[in-house]
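Enquirer: My questions are about this predicted structure, shown below with the sequence.
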Amino acid sequence: MNYLEDVQKLFLYYKHLVDSTLNQLSDSQLFWRYNDESNSVAVLIQHISGNMKSRFTDFLTSDGEKEWRNRDAEFELVDQDKNRLFREWNEAWDNLFNTLKCLEFEDLGKLIYIRNQGHTVVEAINRQLAHYPYHVGQIVMLGKMMKGNNWKSLSIPKGESEVFNAVKFTQTRHIEHFTDEMLRHLDG
């Protein structure tokens with residue numbers, strides 16, 4: 001069961017990274033693109049949301065690439081409705097977390113399909129745990145580029161590693177899961 005708990009915490013961490021980036025961006029920055037071939041933060045959110053909805057709806061019983069999904073459309077914005085975008089974003093994450101919470105240890109070895117290719121449940125989850133952070137990194141980098149000197153670091157700020165480590169090594173050694181520390185750091 002530690003695996004299921006850990007992946008939920010990791011997914012939550014990556015959601016927090018995006019949410020923390022979004023909180024720093026203006027509406028115009030949300031939709032900004034470097035050029036015609038690049039994606040805006042909004043497009044990346046739309047893509048992640050569409051992928052997540054498809055992959056985690058009826059997770060154990062239907063192919064992860066749903067017939068109703070239009071992946072190509074995820075890379076085209078039909079409007080600049082921030083409320084719609086954020087609603088879909090949060091609904092997709094709710095769907096993912098609800099699915100993960102319903103899984104049992106016995107489900108981890110079950111075979112499911114994505115685009116008709118078999119995956120164990122663990123493989124399918126790990127596939128998404130590699131895919132989403134790829135795009136999360138793009139979103140964070142875009143946010144950091146657009147905000148410049150006004151960017152509020154989401155990790156140890158540049159030039160502060162020595163101070164951070166000094167504090168860490170003055171504390172009593174204790175057992176803390178990496179994901180718990182990541183989430184606490186985001187909240188603090």
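Expert: Cool, got the structure.

Enquirer: could you say what helices and strands the longest helix along the chain packs with?
Expert: Longest helix in the chain by number of residues (criterion: DSSP state H): helix 121-147. Contact partners of helix 121-147 among helices and strands, from 3 or more C-beta pairs under 8 Å, 6 or more residues apart in numbering; DSSP states H and E: helix 2-22, helix 27-30, helix 41-56, strand 111-114. For every residue, glycine as well, the C-beta is placed using N, CA and C.

Enquirer: can you do 10 Å?
Expert: Identification of packing neighbours for helix 121-147 by 3 or more C-beta pairs under 10 Å, 6 or more residues apart in numbering; DSSP states H and E yields helix 2-22, helix 27-30, helix 41-56, helix 82-102, strand 111-114, strand 117-120.

Enquirer: and the third one, average pLDDT?
Expert: Spelled out, that is helix 41-56. Per-residue confidence for helix 41-56 averages out to 98 on the pLDDT scale.

Enquirer: Any buried residues in the longest helix of the chain, and which?
Expert: Judged by neighbour count (16 or more other C-beta atoms under 10 Å), helix 121-147 contains these buried residues: 121, 124-125, 128, 132-133, 135-136, 139-140, 142-143, 146.

Enquirer: how about the CA coordinates for the helix or strand just after that helix, as PDB?
Expert: Downstream of helix 121-147, the first helix or strand assigned by DSSP states H and E is helix 161-170. These are the backbone C-alpha positions of helix 161-170, laid out as PDB (Å, rounded to 0.1, in the frame of the first residue of the first chain):
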ATOM      1  CA  SER A 161      21.400  25.700  -0.600                       C
ATOM      2  CA  GLU A 162      24.200  26.100   2.000                       C
ATOM      3  CA  VAL A 163      21.800  27.700   4.500                       C
ATOM      4  CA  PHE A 164      19.100  25.200   3.700                       C
ATOM      5  CA  ASN A 165      21.500  22.300   4.300                       C
ATOM      6  CA  ALA A 166      23.000  23.800   7.400                       C
ATOM      7  CA  VAL A 167      19.500  23.900   9.000                       C
ATOM      8  CA  LYS A 168      18.700  20.400   7.800                       C
ATOM      9  CA  PHE A 169      21.900  18.900   9.300                       C
ATOM     10  CA  THR A 170      21.400  20.600  12.700                       C
END
